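1. Generate coordinates for the sequence data below:
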Amino acid sequence: ITLASTTNLAVGTVGAATGINSAGGVDLTSGGSIAVDEVIAGTGAVSLTATNLTVSEAITTGGGDFTASADQILITAQGGGNNGSVDSDGGAISLTSSGNIELRQTSILSGGPAAGGSITIVAGDGLDVLNSTIDSSTGTGGALGVGGGVNLQGSSAVTVGAGDITLDGGLLDVIIDNSTLNFDANNGLISAIRDVQIINGSSVNSQNGFNIIITADSDGLQNADGRGTAVGGVLIDAGSSVVSDGTLTIQGTERVGTPANSIDIAGGLSANGYIIITGATNTSGGVNLAAITSSGGSVTAISGGSLSANGAINGGGTVFLEGAGDVALAQDVVSGDAITVSSTAGAISQSGGTLTATSGGGQSVLLSAATGIGDSSPIQVLTGTLAADNSTSGALQIASPGDVALGTLSSTQGSMPSASGLQN
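-> Down below sits the predicted model:
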């Protein structure tokens with residue numbers, strides 16, 4: 001079925017009790033708006049092209065692709081008896097807009113029982129997903145990509161199955177608000193030109209050994225907020241979490257607002273593989289961490305400013321913590337190999353917990369600072385072979401409730417120097 005109009009197109013009943021019912025495909029083209037009720041395509045594809053597109057009832061293809069292109073797209077199941085949704089049963093789904101795309105209390109499904117097809121939703125002026133589901137299951141093998149201008153809100157869920165899911169809103173920030181991203185498939189990339197925010201009980205999860213990469217300030221350039229430096233950081237608030245069955249990498253430069261830290265993590269981070277957190281050079285802020293656990297790999301956190309570990313740090317392998325400014329530890333730091341803590345221009349302090357290097361090839365604790373190591377309160381080291389070097393000023397104080405040996409140690413990461421015994 002093909003319908004075309006140079007102005008607005010409103011379709012009531014074509015070949016069905018309501019909406020459009022075709023044994024093959026459906027192609028609707030309008031030079032103005034398209035408002036359409038239910039569309040059923042038996043075996044063919046569905047294509048909708050308009051200036052403004054509103055879908056308020058179900059669109060179903062029997063395995064064919066669904067393509068929509070418009071300056072503004074709204075798919076809604078909210079209010080007034082609306083039941084807008086898209087279900088392609090294995091076909092690919094593509095929504096493209098030079099303006100805004102809004103998904104409101106709806107579902108975008110590309111699989112089941114057939115393996116899910118790819119889902120691509122790309123807007124030029126924001127992609128707003130409110131209490132909606134985007135799902136390419138069943139099956140596995142798809143990849144997740146989330147770009148700037150994506151705003152997930154109100155218990156929205158994104159699940160990757162066999163089909164890739166690509167979401168991009170064409171703007172600066174990625175905001176995942178009270179929502180869930182799950183992928184049991186390929187690696188997941190969340191990337192924003194400016195900030196990435198995972199907030200209000202949101203979760204990002206991977207399964208089957210796949211990795212998660214979160215990158216803020218992806219272009220490394222000044223953005224449209226009047227600052228003269230690169231801008232973009234990562235916020236994961238209390239109650240939110242990122243859980244990777246593979247590795248986890250987080251990178252940021254400087255969050256918008258105050259404080260202008262590179263990375264603020266108050267929620268939980270965990271991975272089966274290594275965890276790397278990097279905050280670029282930023283003397284006005286730094287990196288703040290909560291509890292971090294890598295069950296099978298190393299934990300590395302590097303800050304161009306200060307580094308505050310406010311939660312317990314547990315690494316199955318080495319733990320490496322480095323800040324250009326002060327490094328503050330508040331809870332236990334435990335490594336299955338070696339622990340390195342370094343402040344290149346500041347001090348190392350500890351308000352709680354101990355440093356514990358358990359069984360492993362390294363089994364060492366290496367501390368290096370410029371203006372004090374435990375200056376106001378001794379650093380508690382439980383086990384390991386210890387070496388510490390404080391180069392410029394301040395006191396060096398170490399206390400041990402366990403068995404600690406003094407040795408000559410060196411680090412293979414960052415700017416950490418070698419140290420022999422205790423040097424102050």
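2. If Ile93 is in a bridge, with which residues?
-> Ile93 has these beta-bridge partners by DSSP bridges: Phe66, Ile119.
3. How about the contacts made by it?
-> The contact partners of Ile93, taken as C-beta atoms under 8 Å, 6 or more residues apart in numbering, are Asp65, Phe66, Thr67, Val86, Ile108, Ser110, Gly117, Ser118, Ile119, Thr120, Ile121. Any C-beta I mention is one placed from the backbone N, CA and C, and that applies to glycine too.
4. any weak-confidence spans in the chain?
-> 1, 3-19, 79-82, 185, 222-230, 258-259, 281-284, 359-363, 408-424 (pLDDT under 70).
5. ok so, going back, which one of the contacts of Ile93 sits in the busiest neighbourhood?
-> Counting neighbours by other C-beta atoms under 10 Å, Ser110 comes out on top of the contacts of Ile93 with 31 neighbours.
6. That residue against Ala92, yeah?
-> Yes. Contact criterion C-beta atoms under 8 Å: Ser110 and Ala92 qualify, at 6.9 Å.
7. between those two, what contacts are shared?
-> With contacts taken as C-beta under 8 Å, 6+ apart, Ser110 and Ala92 have Gly117, Ser118, Ile119, Gly163 as neighbours in common.
8. Columns distance to Ile40 on top of the residues you listed, output as a markdown table?
-> Listed next are the shared contacts of Ser110 and Ala92 as a markdown table, based on distance: C-beta to C-beta, whole Å:
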| residue | distance to Ile40 |
| --- | --- |
| Gly117 | 17 |
| Ser118 | 22 |
| Ile119 | 20 |
| Gly163 | 21 |
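9. Of those residues, which is the nearest to Ser376?
-> Ile119 (54.4 Å; C-beta to C-beta).
10. just checking, the closest one touches Asp164?
-> Yes. With contact defined as C-beta under 8 Å, Ile119 reaches Asp164; the gap is 7.4 Å.
11. Which of the three states applies to the spatially closest residue to Gly372 that is not a sequence neighbour?
-> In space, and not counting its chain neighbours, Gly372 is closest to Gly394: 2.5 Å by C-beta to C-beta, 6 or more residues apart in numbering. For Gly394, the secondary-structure state derived from DSSP: H, G, I helix; E, B strand; the rest coil is coil.
12. related to what we said a few turns ago, what's the farthest-apart pair in the shared contacts of Ser110 and Ala92?
-> By the measure C-beta to C-beta, Gly117 and Ile119 form the most distant pair in the shared contacts of Ser110 and Ala92, at 7.3 Å.
13. intersection of neighbour lists for these two?
-> Joint contacts of Gly117 and Ile119 (C-beta under 8 Å, 6+ apart) are Ala92, Ile93, Ser110, Ser136, Gly163.
14. okay if I get these as TSV plus distance to Phe183?
-> Shown next, in TSV, are those (distance: C-beta to C-beta, whole Å):
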residue	distance to Phe183
Ala92	18
Ile93	17
Ser110	14
Ser136	9
Gly163	11
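15. Helix or strand: which one has Ile193?
-> For Ile193, there is no helix or strand it lies in under DSSP states H and E.
16. quick one: it and Gly305, what's the gap?
-> From Ile193 across to Gly305, the span is 21 Å (C-beta to C-beta, to the nearest Å).
17. what's the answer for Ala312, then?
-> For Ala312, the distance to Gly305 (C-beta to C-beta) stands at 22 Å.
18. Mind checking which of those two has more residues around it?
-> Neighbours were counted for Ala312 and for Gly305 using other C-beta under 10 Å; Gly305 has more, 22 against 18.
19. Now that one: closest residue in space, sequence neighbours ignored.
-> Nearest to Gly305 is Gly286, by C-beta to C-beta, 6+ apart, at 3.5 Å.
20. Check the contact between the one you found and Ser306; I expect there is one.
-> Yes. Here Gly286 reaches Ser306: they are 3.4 Å apart, a contact under C-beta under 8 Å.
21. which neighbours do those two share?
-> Gly323, Gly325.
22. So what sits opposite the closest residue to Gly147 other than its chain neighbours in the bridge?
-> The shortest distance from Gly147 to any non-neighbouring residue, by C-beta to C-beta, 6+ apart, is to Asp168 (3.6 Å). For Asp168, the beta-bridge partners under DSSP bridges are Val122.
23. Who are the contact partners of Asp168?
-> Counted by C-beta under 8 Å, 6+ apart, Asp168 has contacts Ile121, Val122, Ala123, Leu127, Gly145, Val146, Gly147, Gly148, Gly149, Val150.
24. Distance to Ser335 added to the residues you listed, as CSV?
-> Shown next, in CSV, are those (distance: C-beta to C-beta, whole Å):
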residue, distance to Ser335
Ile121, 42
Val122, 43
Ala123, 44
Leu127, 41
Gly145, 33
Val146, 32
Gly147, 35
Gly148, 36
Gly149, 39
Val150, 36
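25. top of those by neighbour count?
-> Leu127 (28 neighbours).
26. Report the contact partners of that residue.
-> Asn100, Ile101, Leu103, Ile121, Gly149, Val150, Asn151, Leu167, Asp168, Gly169, Gly170.
27. residues in contact with the closest residue to the fifth one other than its chain neighbours?
-> Read it as Gly149. Leaving aside its sequence neighbours, Gly149 sits nearest to Gly169 (C-beta to C-beta, 6+ apart; 2.3 Å). The contact partners of Gly169, by C-beta under 8 Å, 6+ apart, come to Ile101, Ala123, Asp125, Gly126, Leu127, Asp128, Gly147, Gly148, Gly149, Val150, Asn151.
28. Give me the subset of these lying in strands.
-> Judged by DSSP state E, strands contain the following of the contacts of Gly169: Ile101, Ala123, Leu127, Asp128, Val150, Asn151.
29. Give the burial count for the first one, as a bare number.
-> Read that as Ile101. For Ile101, using other C-beta under 10 Å, the count is 28.
30. Touching, it and Ile73? I think so.
-> Yes. Here Ile101 reaches Ile73: they are 4.5 Å apart, a contact under C-beta under 8 Å.
31. Spell out which residues are contacts of both of those two.
-> Common neighbours of Ile101 and Ile73 (C-beta under 8 Å, 6+ apart) are Leu95, Ala123.
32. Could you measure from Ser191 over to Val146?
-> From Ser191 to Val146 the distance is 7 Å (C-beta to C-beta).
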